[in-house]
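A.B. asks: Just a sequence and a predicted model for now, questions to come.
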Number of protein chains: 2
Amino acid sequence: MSDLPKFVHVNECGPREGFQFEKVHIPTADKIAFVDQLSETGLKAIQFASFVSPKWVPQMADADAWVEGIRKTPGIEYTGLWLNMQGLERAMKFRDKLTITPGFSLNASETFSKKNTNRSVAEKLDEMPGYVAKFREMGFDKLDIGVAVAFGCNYEGAISSERVLGLLKDQETRARDLGMKIGEITLYDTMGWGTPLQVKRLVGLVRERWPDNPVCLHLHDTRGAAIANFVAGMEVGVDRFDAAVAGLGGCPFAAHKGAAGNICTEDVVFMCQEMGIETGIDLDLMIAAAEQAERLVGHALPGKIKVGGNLATYRARASAGA
Amino acid sequence: MSDLPKFVHVNECGPREGFQFEKVHIPTADKIAFVDQLSETGLKAIQFASFVSPKWVPQMADADAWVEGIRKTPGIEYTGLWLNMQGLERAMKFRDKLTITPGFSLNASETFSKKNTNRSVAEKLDEMPGYVAKFREMGFDKLDIGVAVAFGCNYEGAISSERVLGLLKDQETRARDLGMKIGEITLYDTMGWGTPLQVKRLVGLVRERWPDNPVCLHLHDTRGAAIANFVAGMEVGVDRFDAAVAGLGGCPFAAHKGAAGNICTEDVVFMCQEMGIETGIDLDLMIAAAEQAERLVGHALPGKIKVGGNLATYRARASAGA
């Protein structure tokens, strides 16, 4: 337990990964107001717009207006998602609002790669030079890399750690050939296959090979293991996590029977609070944002602490009564 | 991680702790059929009836008929709950069906003790001789003990580990004076205050003081931490857990804002399966029982794996397709 971080960095990705999954139409003005609300919670990184084809993800058709509309708070990194060069070019138009993070990733599953990006893994890797050229133009010399579907695949079954490490090495080699070092390494449990044992094993192997690169975990709660995987990640020193307010999210192409949200931001903040780990995030404001997310999507969302209640409140009440 | 158990014993308590919390009337025949269904999952311990006053818990008014109705499967321990001597005496009438476990416990919270049992902690401890006399008549020489609300209280706030250890020692001393040793020690996170750090710390202290007594954890998922607490418990060698099918449950007197179910049996079975730990329980049959529980109570229940799906199925499908 001595490896537990003192501070955990939360990258909020609910408005991006979450809203694209919802059936209901959310007006652009509400989306803008929601990001503005999140900006007041203490979050330092918010991913919201997705620069993808409105044909595939109609909920993101208003991405440009959404980005233009938000009130930018100093000190917060606002980011968008792109899956191809067109998307990156759209994102780059908003460099006054958005932070472009020089990132690249591969899917460990061929089947999912084709379904989600319409490209094989090798085809995706061959696109790296185009991205890197753009990132170098922008002055970056480090490339963040990652592997999605790193813990198992609904289509292909188990994913070996050799496969994941191989894909990271492929990206490192290609990046080096293009004159870039690698930065942060993200492991995505896209389909919620991970367990604490597997998290510790895979993160351990990655940290052994790349001891100086920060590791980030992107965890889905499809099978109820996300919070345990989060704690396991912290126990092996991971201090960067993607998370989604209220547990929004899930990938529309991941062949799940049911909802499959991201790990819930406010549940993560609560867990950190109770374990003495700082996040810089105000739990009550985060719970209020989660309640607003439920109003926007029009149904209950899976986060627990918004129902169970912040223990700080119970403690204060107990002290006052005592 | 070397402390992980090879086998985890699950004590199913959903039909007892769960049904008493539900507003809907569940016909006795359905309750009987449900216990019979659970008997086919591989569970070796099922707690269902509650011998409490129908005035306070009307859902248990049919406890006698329920116990009489079940089909007893050899090798399974069926148990009931009692909170006073009258309840124990009612349970003892069904010794052909029920296993009487010689158990006693105290609440760490005075306020909750009064609300839940209408007695102070000291008053409850003073009742031990009456119970022990009964248990000795039945031939027992060991008393299982426990502390409820051991991780924190919605009314009283933090509960210190000294308090919990003190209450365990009080029970041990009193039992010894009455000529009984202590057996299993159960720690109840009645209100869902626990974190993995706290589980490891408290279990560690208990095991240090009573190295030869098995420890059982009773975890609520009120704030989304139960599965992480379950893994933390296993990591310090706990191999006995209460759990409730579909995540049924919650105590009607615990002052929660919302539902506050027990840790979900099939999610626990899934986690064990994926971590290579045996439970003897068939995950698919357990998921089917969880789906039946949802039909009986007439609304969705919180368990995740019944929605996310057994990975064994995905693996088999992936192999067949490959």
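C.D. replies: Looks like it came in fine. Numbers count the residues shown, from 1 in each chain, chains lettered A, B, ... in the order given.

A.B. asks: Every contact and neighbour count from this point should use C-alpha atoms.
C.D. replies: Fine.

A.B. asks: Please settle this for me: is A:Gly224 part of a strand?
C.D. replies: No. With DSSP: H, G, I helix; E, B strand; the rest coil as the criterion, A:Gly224 is assigned coil and is not in a strand.

A.B. asks: neighbours around it, how many?
C.D. replies: Neighbour count for A:Gly224, taken as other Cα atoms under 10 Å in any protein chain shown: 30.

A.B. asks: now swap in A:Thr101 and tell me
C.D. replies: One way to gauge burial is a neighbour count; for A:Thr101, by other Cα under 10 Å, it gives 16.

A.B. asks: what's the answer for A:Phe241, then?
C.D. replies: Each residue near A:Phe241 was counted by other Cα under 10 Å, and the total is 23.

A.B. asks: Now do the same for it: helix, strand or coil?
C.D. replies: For A:Phe241, the secondary structure call by three-state DSSP comes out as strand.

A.B. asks: For it, give me the pLDDT.
C.D. replies: According to the per-residue confidence, A:Phe241 scores 98 in pLDDT.

A.B. asks: Please apply the same query to A:Phe253.
C.D. replies: 49.

A.B. asks: for the one 3 residues further on, same thing?
C.D. replies: As predicted, A:His256 sits at a pLDDT of 44.

A.B. asks: Output the helix or strand containing A:Asp36 as PDB, nothing but the C-alphas.
C.D. replies: Following DSSP states H and E, the helix or strand that holds A:Asp36 is helix A:28-38. Written as PDB, here are the backbone C-alpha positions of helix A:28-38 (Å, rounded to 0.1, in the frame of the first residue of the first chain):
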ATOM      1  CA  THR A  28     -26.200  22.400 -27.500                       C
ATOM      2  CA  ALA A  29     -26.900  25.100 -24.900                       C
ATOM      3  CA  ASP A  30     -27.400  22.500 -22.200                       C
ATOM      4  CA  LYS A  31     -24.100  20.800 -23.200                       C
ATOM      5  CA  ILE A  32     -22.300  24.100 -23.000                       C
ATOM      6  CA  ALA A  33     -23.700  24.900 -19.600                       C
ATOM      7  CA  PHE A  34     -22.800  21.400 -18.400                       C
ATOM      8  CA  VAL A  35     -19.100  21.800 -19.300                       C
ATOM      9  CA  ASP A  36     -19.200  25.200 -17.600                       C
ATOM     10  CA  GLN A  37     -20.600  23.500 -14.500                       C
ATOM     11  CA  LEU A  38     -17.900  20.800 -14.600                       C
END
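
A.B. asks: So what's the gap between that helix and the chain middle?
C.D. replies: Going by Cα atoms, centre = their mean, to the nearest Å, the spacing between the C-alpha centre of helix A:28-38 and its chain's C-alpha centre is 19 Å.

A.B. asks: In the stretch 201-322 of chain A, where is pLDDT below threshold?
C.D. replies: By pLDDT under 70, the low-scoring segments of the stretch 201-322 of chain A are A:250-259, A:322.

A.B. asks: Quick check: the residue of it nearest chain B.
C.D. replies: With Cα to the nearest Cα as the measure, A:Ala228 is the residue of the stretch 201-322 of chain A nearest to chain B, at 4.0 Å.

A.B. asks: helix/strand/coil for the residue nearest to that residue when sequence neighbours are not counted?
C.D. replies: Using Cα to Cα, 6 or more residues apart in numbering or on different chains and skipping the chain neighbours, the partner closest in space to A:Ala228 is B:Ala228 (4.0 Å). Secondary structure, three-state DSSP: B:Ala228 is helix.

A.B. asks: Is it correct that B:Ala228 is in contact with B:Pro196?
C.D. replies: Yes. If you go by Cα atoms under 8 Å, B:Ala228 and B:Pro196 touch, sitting 6.2 Å apart.

A.B. asks: of those two, who's got more company?
C.D. replies: Under the neighbour definition other Cα under 10 Å, B:Ala228 and B:Pro196 were set side by side, and B:Ala228 has more, 27 against 24.

A.B. asks: residues in contact with the most centrally placed residue in chain A?
C.D. replies: Compute the mean C-alpha point of chain A, and by Cα atoms, centre = their mean the closest residue is A:Asp242, 3.4 Å away. By Cα atoms under 8 Å, 6 or more residues apart in numbering or on different chains, the residues touching A:Asp242 are A:10-13, A:216-219, A:263.

A.B. asks: Strands of chain A, start to end?
C.D. replies: Using DSSP state E, the strands found in chain A span residues A:9-12, A:45-51, A:77-82, A:106-107, A:142-148, A:181-189, A:215-219, A:240-243.

A.B. asks: To B:Asp30, which of those strands lies closest?
C.D. replies: Checking the strands of chain A against B:Asp30 by Cα to Cα gives strand A:215-219 as the closest, at 38.3 Å.

A.B. asks: Give the pairing partners of that closest one; include direction for each.
C.D. replies: Applying DSSP bridges to the sheet, strand A:215-219 is found paired with strand A:181-189 (parallel), strand A:240-243 (parallel).

A.B. asks: Can you tell me which of those strands is most buried?
C.D. replies: Comparing the strands paired with strand A:215-219 by mean neighbour count (mean count of other Cα atoms under 10 Å in any protein chain shown), strand A:240-243 comes out on top with a mean of 24.

A.B. asks: Return the distance of that strand from the chain's centre.
C.D. replies: Distance, stretch centre to chain centre, for strand A:240-243: 6 Å (Cα atoms, centre = their mean).

A.B. asks: Could you list the residues of the stretch 201-322 of chain A in contact with chain B?
C.D. replies: Contact residues of the stretch 201-322 of chain A with respect to chain B, defined by Cα under 8 Å from any Cα of the partner chain, are listed as A:222-225, A:227-229, A:231, A:256-260, A:267, A:271, A:274-275, A:303-305, A:307-309, A:311, A:314-319, A:322.

A.B. asks: Filter these down to the buried ones, ChimeraX style.
C.D. replies: Below is the selection syntax for ChimeraX that covers the buried ones among these, with 16 or more other Cα atoms under 10 Å in any protein chain shown defining burial:
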select /A:222,223,224,225,227,228,229,231,256,259,260,267,271,274,275,303,304,305,307,308,309,311,314,315,318
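
A.B. asks: Next up, the contacts around A:Ala232.
C.D. replies: If you count contacts by Cα under 8 Å, 6+ apart, A:Ala232 has them with A:196-197, A:199-200.

A.B. asks: Got a ChimeraX select line for the buried ones in those residues?
C.D. replies: Here is the ChimeraX command that picks out the buried ones among the contacts of A:Ala232, judged by 16+ other Cα under 10 Å:
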select /A:196,197,199,200
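
A.B. asks: Quick check: which of the contacts of A:Ala232 are also close to chain B?
C.D. replies: Within the contacts of A:Ala232, those near chain B by Cα under 8 Å from any Cα are A:196-197.
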